[in-house]
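*Asks:* please find the sequence and the predicted model below.
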Amino acid sequence: MNRSITLFPLLALIGVAIALGMPEWLVGLKPAIVPLLGVVMFGMGITLTLDDFASVTRRPGIILLGMALQYGVMPLAGWLIGLSLGLPSALLVGFVLLGASPGGTASNVICYLARGDVALSITLTTVSTLAAVLLTPALTWLYVGERVPVPALDMLISIAKIILAPVALGLLINRFLGARLERAKQVFPLVSMAAILVIIAIIVALNHSSLVEVGRLVLLAVVLHNAVGLLSGYWAARALGQDRRSARTLAIEVGMQNSGLAVALAVKYFSAASALPGALFSVWHNLSGAALASWWSRRDAADEPR
């Protein structure tokens, strides 16, 4: 699985190339985006136990810090970056949606590769994912509700269906059949990764005609947005007295968004153009996350006594 995560950006770039070269192969798959994300969320659910939720009570301070950064810094950063670069309303909505999304599903593995606190990473991903049911539509309405109609209540219901139902189903199955699911648990991360790759390719295919015009500007905004998350997560944790391991974990959790959710909501409630930031972010945050994890891991290895 670790090797698959490091290969993910390359596979995503191949998918992007196919989508740009032969978009007609993929545009018809637009209705599959939401079900594919449901598969990803179910895969997350079967890796969770009730103890993962109980761990919130043991470290409330750092959990609250992670949530404040996730839902305080990232939506604001998406909004400010979009405005400062003069992005059209559709793309601005996409960046706010991206910023208002929970932690990414690959963050736990990236945290492991970076020698971070994996238990903390899982807890932060879980809590931010559940909080997204209320916070994602509310924050999207707050930042862009004056520019475009934001169906916050409908979004809340959709997020509950996309996130809560599959995660709860996975959690229940793991609770009662966990001992028999070891092979499935090893396979599902690969299934989730494949689902995200297909989602990226579909979104790029839907936007292939506009990518030439706005692609570089959107990519710049994606890089800046990801950098804000990584830097704020790390240095806010360090400034508040957390150790380097915890700081790395917050950097990865805040910097890696659940871009699949942003894509699904954008396609359902706004436009294919609004889904473009999430699709490009899916590629970039895995590149930056894997590179950062590799650098941190090598630095730790060099510091270890021989």
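*Replies:* Noted; the coordinates are in hand.

*Asks:* measure H225 to T126 for me?
*Replies:* According to C-beta to C-beta, to the nearest Å, H225 stands 23 Å off from T126. In this view, the C-beta of every residue, glycine as well, is placed from N, C-alpha and C.

*Asks:* swap in Q186?
*Replies:* In terms of C-beta to C-beta, Q186 sits 20 Å off from T126.

*Asks:* who has more neighbours, the two?
*Replies:* T126 (23 against 10; other C-beta atoms under 10 Å).

*Asks:* surely that one is in contact with L48?
*Replies:* Yes: counting by C-beta atoms under 8 Å, L48 is a contact partner of T126 at 6.3 Å.

*Asks:* joint contacts of those two?
*Replies:* By C-beta atoms under 8 Å, 6 or more residues apart in numbering, T126 and L48 have no common neighbours.

*Asks:* G66 sits in which helix or strand?
*Replies:* According to DSSP states H and E, G66 maps onto helix 60-68.

*Asks:* please point out which parts of that helix sit buried.
*Replies:* For helix 60-68, the neighbour count (16 or more other C-beta atoms under 10 Å) marks I62, I63, L65, G66, M67 as buried.

*Asks:* just these now: which is nearest R216?
*Replies:* Taking C-beta to C-beta as the measure, R216 lies nearest G66 of the buried residues of helix 60-68, at 31.9 Å.

*Asks:* now the closest one, nearest residue through space, not along the chain?
*Replies:* L124 (4.5 Å; C-beta to C-beta, 6 or more residues apart in numbering).

*Asks:* and that neighbour, what does it touch?
*Replies:* Going by C-beta under 8 Å, 6+ apart, the list of residues near L124 reads I63, G66, M67, Q70, G103, T249, L250, E253.

*Asks:* at 7 Å what do you get?
*Replies:* Counting by C-beta atoms under 7 Å, 6 or more residues apart in numbering, L124 touches I63, G66, G103, E253.

*Asks:* and whichever strand or helix holds L287, what does it pack onto?
*Replies:* In the assignment (DSSP H and E), L287 maps to helix 272-303. In terms of contacts (3 or more C-beta pairs under 7 Å, 6 or more residues apart in numbering; DSSP states H and E), helix 272-303 is packed against helix 2-21, helix 89-99, helix 107-113, helix 182-206, helix 208-239, helix 244-255, helix 259-269.

*Asks:* including distance to V39, could the ones you listed go into CSV?
*Replies:* CSV is the format used below for those (distance: least, C-beta to C-beta, whole Å):
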stretch, distance to V39
helix 2-21, 16
helix 89-99, 20
helix 107-113, 17
helix 182-206, 5
helix 208-239, 24
helix 244-255, 22
helix 259-269, 10
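
*Asks:* ok, and what's touching the strand or helix carrying F176?
*Replies:* For F176, the enclosing helix or strand under DSSP H and E is helix 165-177. Identification of contacts with helix 165-177 by C-beta under 7 Å, 6+ apart yields G38, M41, F42, G43, M44, G45, I46, L48, T49, T129, L181.

*Asks:* which of these sits closest to A77?
*Replies:* Taking C-beta to C-beta as the measure, A77 lies nearest T129 of those, at 19.7 Å.

*Asks:* how far off centre is the helix or strand encompassing that closest one?
*Replies:* Using DSSP H and E, T129 sits in helix 118-144. Its chain's C-alpha centre and that of helix 118-144 lie 10 Å apart, by C-alpha atoms, centre = their mean, to the nearest Å.

*Asks:* pull out the buried residues from the helix or strand following it.
*Replies:* Helices and strands here follow DSSP H and E; after helix 118-144, the next one along the chain is helix 152-159. By 16+ other C-beta under 10 Å, the buried positions in helix 152-159 come out as A152, M155, L156, S158, I159.

*Asks:* what would the residues you listed look like in JSON lines with pLDDT and distance to L20?
*Replies:* Output for those, formatted as JSON lines (pLDDT from 0 to 100; distance: C-beta to C-beta, whole Å):
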{"residue": "A152", "pLDDT": "81", "distance to L20": "34"}
{"residue": "M155", "pLDDT": "85", "distance to L20": "30"}
{"residue": "L156", "pLDDT": "86", "distance to L20": "34"}
{"residue": "S158", "pLDDT": "84", "distance to L20": "29"}
{"residue": "I159", "pLDDT": "82", "distance to L20": "30"}
